[in-house]
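Chemist: Next input, structure requested:
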Amino acid sequence: MNDVIIIGAGPAGLSAAITCARKGLQTLVIDEYMKPGGRLLGQLYEEPSGLWWNGIEESERIYKEAVELGVEIGLNTSVNNIEKEHDHWVIYTEKNVLYSEQLLLATGAAESPIPVPGWTLPGVMSVGAAQVMTNVHRVKPGNRGVIIGVNVLSAAIAMELQLAGVEVASLTLPKLNKVTKETAQPRVVLDSLLHVSHMAPSKLVRYGSKLMKNNLLKKMGISFYPKQGFKMWDIPIQLRKAVVEIYGDEAVTGVKLATIDPHGEVVAGSEEEMDCDFVCIAGGLYPLAELAAVAGCPFYLVEELGGYVPLHNEQMATPIKNLFVAGNITGIEGAKVAMKQGITAGLSIAENAGVQGLTQEIQHAVQVTEQTREDAYIQFHPDVKKGRRVIQEEWEACMVTVQ
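Modeler: I've put the predicted structure just below:
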């Protein structure tokens, strides 16, 4: 019987494990992947300070620290089911059955697919897959690629691909349909990009983006947005183009682009072809929360957090006794926020296990998490603070009902 089992060896899970171990808890971390680190592994970018955030190095650091503290880590271990028996958890994996008094779900996020005609061809992949191939395995996904879907994640990974010597011929939109909805509408996409304009290397783009905060200028901006797009990091950002087809005989050889109006509708007769040998689809991320549902935790759809998230409070506890959550399962944010949430969850678990004198430390951890969120270089959802307020209000309402 473990004191705590943590499902997910990403930044949240490993940070929580380190915290639990420091408080004297017997801790086991399990993950289905062959390496610890989760989505942290693929991250590589330069921060405003000029320092580089290297996800592989950061993953190795916290993994080594966890192991040195006596945390047991089981990789290549998939979880099939979890059950509550009396006051402890039973975790069924493909290898064995595990038992724990407390359980932390730090399962992270998954990518949302965008269906595009031709997307089953070899050479089509998610943008996250291209990131892992390039930054983790040091294998180029191709020589010249097109990214379908313009969002914070795709913009950051496009920059990383350029750093690896991979040409990104276009960062463009998907064709408007019932699935793509807002991700195919130039005005909506432009609004989301304004929240990451500080990442642009051009001072002119950064200054122009500030002016675009005005709604009238925003509408004018997308109406007069050049059909060939603007370049950021030498990558054409084409908000007035959409990929209507990916083509090739045995593998990707190109895409068919069409001009779209400000509402995302295709302009008839505007189709053109662009050569490429790989295509990345960027539909964004959503919380990977199935195990929380299996555990019986209530959910709420909070678009500002990326989708359905399990109900939880600032201390990362859920309404289910001895069940905690941390990281992207609670909403899509960066690795640094996930790590701080992991620390908070670890302290809450330790207090729940009977460790005394942690109240102030937990309060401080909550404050540090909020400050880290405030200082985040990349915000995946511009209204994440609103999303956090929504889930906190739902928590308070739930607690009133329980009482």
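
Chemist: got the domain boundaries for this structure?
Modeler: Domain assignment for the chain, taken from automatic domain parsing, gives 2-110+285-402, 113-281.

Chemist: continuing past the lengthiest strand in the chain, what's the next helix or strand?
Modeler: Longest strand of the chain, by residue count under DSSP state E: strand 235-247. Elements were assigned by DSSP states H and E; along the chain past strand 235-247, the next helix or strand is strand 254-259.

Chemist: What angle do strand 235-247 and that following strand make with each other?
Modeler: Inter-element angle recorded for strand 254-259 and strand 235-247: 110 degrees (by axes from the mean of the first three to the mean of the last three CA atoms, to 10 degrees).

Chemist: mind listing what's buried in strand 254-259?
Modeler: Buried residues in strand 254-259, defined by neighbour count with 16 or more other CB atoms under 10 Å: 254-259. For every residue, glycine as well, the C-beta is placed using N, CA and C.

Chemist: Would you mind checking which of those is nearest to N96?
Modeler: Nearest to N96 out of the buried residues of strand 254-259 is V255 (CB to CB; 46.4 Å).

Chemist: tell me the contacts of that closest one?
Modeler: 146, 148, 243, 245-247, 273-274, 276, 279 (CB atoms under 8 Å, 6 or more residues apart in numbering).

Chemist: again, only using 6 Å
Modeler: Shown in contact with V255 (CB atoms under 6 Å, 6 or more residues apart in numbering): 146, 243, 246, 274.

Chemist: Pick out the most distant pair among those residues.
Modeler: I246 and M274 (10.5 Å).

Chemist: Would you mind telling me which of those two has more residues around it?
Modeler: Comparing I246 with M274 by neighbour count (other CB atoms under 10 Å), the higher total belongs to I246, at 23 against 16.

Chemist: these two touch, right, that one and P122?
Modeler: No: distance between I246 and P122: 10.9 Å, which falls outside the contact criterion (CB atoms under 6 Å).

Chemist: How many residues are close by P48?
Modeler: Around P48 there are 9 other residues, counting by other CB under 10 Å.

Chemist: Report the buried residues of stretch 237-257.
Modeler: Of the residues in stretch 237-257, those buried (16+ other CB under 10 Å) are 237-246, 248, 252, 254-257.

Chemist: Just give me the closest of those residues to M133.
Modeler: Set against M133, the nearest of the buried residues of stretch 237-257 by CB to CB is V252 (14.8 Å).

Chemist: Just the pLDDT at the closest residue to that closest one other than its chain neighbours, thanks.
Modeler: Nearest in space to V252, with sequence neighbours left out and distances taken as CB to CB, 6 or more residues apart in numbering, is G123 at 3.4 Å. pLDDT, the model's per-residue confidence, is 97 for G123.

Chemist: quick one: contacts for G123?
Modeler: With contacts taken as CB under 6 Å, 6+ apart, G123 has the following neighbours: 251-252, 278.

Chemist: Which of these sits closest to T107?
Modeler: Within the set of the contacts of G123, F278 lies nearest T107; the separation is 28.3 Å, counting by CB to CB.

Chemist: residues touching that closest one, list them.
Modeler: Shown here is F278, whose contacts under the criterion CB under 6 Å, 6+ apart are 123, 141-142, 145, 252.

Chemist: could I get those as CSV with secondary structure?
Modeler: Written out in CSV, the entries for the contacts of F278 read as follows (DSSP: H, G, I helix; E, B strand; the rest coil):
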residue, secondary structure
G123, coil
P141, coil
G142, coil
G145, strand
V252, coil
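
Chemist: from those, which two are the most distant?
Modeler: Taking every pair in these and measuring CB to CB, the maximum separation is 10.4 Å, between P141 and V252.
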